[in-house]
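*Asks:* Compute the structure for the input listed below.
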Amino acid sequence: MVKLKIDFSWRNIGVTVYIWDKTENKFQELDALFDTGAHTCAIDTDLLLRLGYNLDDAAKSFITTATKTNEEVKRMKIGKIMLENTELNSVLFNTYDFPLISRPVIIGMNILRNYKIEMDFKERLITMNENYLDESDYYYDSDTFGDWRADSNSK
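*Replies:* The predicted structure follows:
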């Protein structure tokens, strides 16, 4: 089970995530947008580069956002990300330049669809219980929402 405290300071659903910093060899605490409308996780390009990731081999893709259509992004898998005490391995992220006022990470459906999610706005808490699809599920290997599988190593 994952429990995330909700931060409403920017009038959206913010949570804390931890992404592996290759330059420092440790997890970095980052501010993220919990976004059920995002098909795939996203991260600011400059942040990703500061964390020591190389975009030279990243795949090119095109996405549609709330404000743009056919925006070019790079896609890559980040090997280690943590939500509270649950480590996720090999999670697909789109990278692009976020506006200065946004949160630098977006947690999207390629992670969220793996959980039964309860949101308690009064207590400002998101509770996520594992609800992983298995091979018998209709869209287990579907790439409709990017690479949907995120492998969990609960601690």
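*Asks:* ok, residues contacting the helix or strand harbouring residue 128?
*Replies:* Assessed by DSSP states H and E, residue 128 sits inside strand 125-130. Here strand 125-130 makes contact (C-beta atoms under 8 Å, 6 or more residues apart in numbering) with 1-6, 13, 15, 34, 83, 112, 114-120, 152, 154. The C-beta positions use only the backbone N, C-alpha and C, and glycine is treated the same way.
*Asks:* and the gap between residue 9 and residue 38?
*Replies:* 19 Å (C-beta to C-beta, to the nearest Å).
*Asks:* swap that for residue 55, sorry
*Replies:* Taking C-beta to C-beta as the measure, residue 55 falls 20 Å from residue 38.
*Asks:* and what of residue 120?
*Replies:* 21 Å.
*Asks:* the more surrounded of these two?
*Replies:* Neighbours of residue 120 and residue 38, each counted by other C-beta atoms under 10 Å, are more numerous for residue 38; the result is 22 against 11.
*Asks:* quick one: contacts for the more buried one?
*Replies:* Here residue 38 is in contact with 106, 107, 108, 109 (criterion: C-beta under 8 Å, 6+ apart).
*Asks:* can you tell me which two in these are farthest apart?
*Replies:* 106 and 109 (10.3 Å; C-beta to C-beta).
*Asks:* which one of the two has more residues nearby?
*Replies:* Counting neighbours by other C-beta under 10 Å for residue 106 and for residue 109 shows that residue 106 has the greater number, 21 against 18.
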